[in-house]
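> here is my input; please provide its structure:
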Amino acid sequence: MSTTKTISAQLRGVITQKNNGAFTVSTPTGSRNCPLTARLRRESGGELAVGDEVSVDAAGQIDALLPRRNWISRRSAAPMPGAHTHEQLIAANLDQVVPVFAAANPRLAWHLLDRYLVSAESAEIPALVVITKFDLAAGRPEADEIEQVAAEYRALGYPVLLTSTLDGSGLEAFRAALHGKRSLLVGKSGVGKTSLLNALEPGLGLRVQATNAVTGKGRHTTTAATLLPLAAGGAVIDTPGIREFGLWDVDGADLAWFFPEMRPHLDRCRFGLDCRHAEEPGCAVRKAVTAGLISPYRYQSYLKLRYDP
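The predicted structure follows:
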């Protein structure tokens, strides 16, 4: 009798946490800690992600990875100059990516937002932008700037929510946007992801740690990517604070396509697909910037990513 088992005969589950090569899998019979089989570790290099659908064998080991419908990854930081980088998987099988930024403390970094959005565009995953701690900017010039830039992103088709856990503004809209979806939350430490989740659903019982009052830099609160089911339906994947987000597998020639406002102009450049949209004469993208059809800020963000992905 053959001892080969088909995936359909195995117990299926979803990876809900990955931490230092250990995996927690949610199955119909409960949550369990599962190592990889030697074969799967050899074949995959251990590169499974939260959100991956897997099968678990009778010994409680993950023995197969089911096909992914999408995934988000970033370029690993090189340990030293000249060292090779590799793909670092963040999460898989997503309905939306949710970049989270604070209106203040720490300072809002729009260029980092564009990195997240380009990554989501390249994976063909919708994005929802959430600004937290908006109460800290209320009545100050920063609030007007944030409102203006948020309007520009909305015009590009990206929903932007301005929220505050202090006065509750924006929370109902955020709760509705998460309903029935698997959402990946990404952002620097200290931006308020954990506080935001606690405000939405206190029962999650997540730890919250104040932003470092001396340096203004966030402290790491979440230590591993974790999939958290929501009582109202859907789930969020909370991630450790990410200080850097290098793009992975986004070719420089394709980068402009991942800026939606540039797409209508890409086939009008004099040098066609060879145009880098930098100093070339006859560049339709640059003409669109001059004509006010493309935000100069977004164009500068494109150039920065072109030369420093």
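> can we go C-alpha only for contacts and neighbour counts from here?
Fine.
> mind jotting down where the helices sit in the stretch 151-300 of the chain?
For the stretch 151-300 of the chain, the helices defined by DSSP state H, counting those that start in this stretch cover 171-178, 193-200, 284-290, 296-307.
> mind naming the longest strand for this structure?
Counting residues, the longest strand found in the chain (DSSP state E) is strand 11-19.
> okay, buried residues for it please.
Residues 11-18 are the ones in strand 11-19 that count as buried (16 or more other C-alpha atoms under 10 Å).
> now the helices of the stretch 151-300 of the chain as a markdown table including mean pLDDT and distance to Q88?
Converted to a markdown table, these look like this (pLDDT from 0 to 100; distance: least, C-alpha to C-alpha, whole Å):
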| stretch | mean pLDDT | distance to Q88 |
| --- | --- | --- |
| helix 171-178 | 96 | 25 |
| helix 193-200 | 89 | 21 |
| helix 284-290 | 97 | 32 |
| helix 296-307 | 94 | 18 |
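> pick the most deeply packed of these.
helix 193-200 (a mean of 21; mean count of other C-alpha atoms under 10 Å).
> show me what the longest strand of the chain is packed up against.
strand 22-27, strand 53-56, strand 226-229 (3 or more C-alpha pairs under 8 Å, 6 or more residues apart in numbering; DSSP states H and E).
> average pLDDT for the second one?
So the one you mean is strand 53-56. Averaging pLDDT along strand 53-56 gives 97.
> over to the last one?
The pLDDT scores in strand 226-229 average 91.
> so which residues make contact with that strand?
Contact with strand 226-229 is made by 15-18, 50-51, 204, 235-239, as judged by C-alpha atoms under 8 Å, 6 or more residues apart in numbering.
> how about it: buried residues?
Buried-residue list, strand 226-229, by 16+ other C-alpha under 10 Å: 226-228.
> pull it out as CSV, backbone CA atoms only.
Extracted in CSV, the C-alpha atoms of strand 226-229 (Å, rounded to 0.1, in the frame of the first residue of the first chain):
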residue,chain,number,x,y,z
THR,A,226,0.7,37.9,13.6
LEU,A,227,-2.7,37.2,12.0
LEU,A,228,-5.5,38.4,14.3
PRO,A,229,-9.1,37.4,13.5
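> low-confidence ranges in the protein?
1-9, 77-84, 203-223, 242-243 (pLDDT under 70).
> swap the cut-off to 80 and go again
Where the chain drops to pLDDT under 80, the residues are 1-10, 19-21, 76-85, 203-224, 240-244, 251.
> where exactly do the strands run in it?
With strands called from DSSP E, the chain shows them at 11-19, 22-27, 30-34, 53-56, 62-65, 71-75, 87-92, 96-102, 129-132, 160-162, 182-186, 226-229, 235-238.
> wait, which of these is closest to R154?
Of all those, strand 160-162 sits nearest to R154, with 6.3 Å by C-alpha to C-alpha.
> the closest one pairs with which strands, parallel or anti?
Partners of strand 160-162 in the sheet, by DSSP bridges, are strand 129-132 (parallel).
> contact partners of the partner strand?
98-103, 158-165, 191-192, 196.
> report the contact partners of the nearest residue to S295 once chain neighbours are set aside.
Leaving aside its chain neighbours, S295 sits nearest to V289 (6.3 Å; criterion: C-alpha to C-alpha, 6 or more residues apart in numbering). V289 makes contact with 295-296, 299, according to C-alpha under 8 Å, 6+ apart.
> now those residues as JSON lines including distance to R75?
Listed next are these as JSON lines, based on distance: C-alpha to C-alpha, whole Å:
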{"residue": "S295", "distance to R75": "27"}
{"residue": "P296", "distance to R75": "26"}
{"residue": "Y299", "distance to R75": "22"}
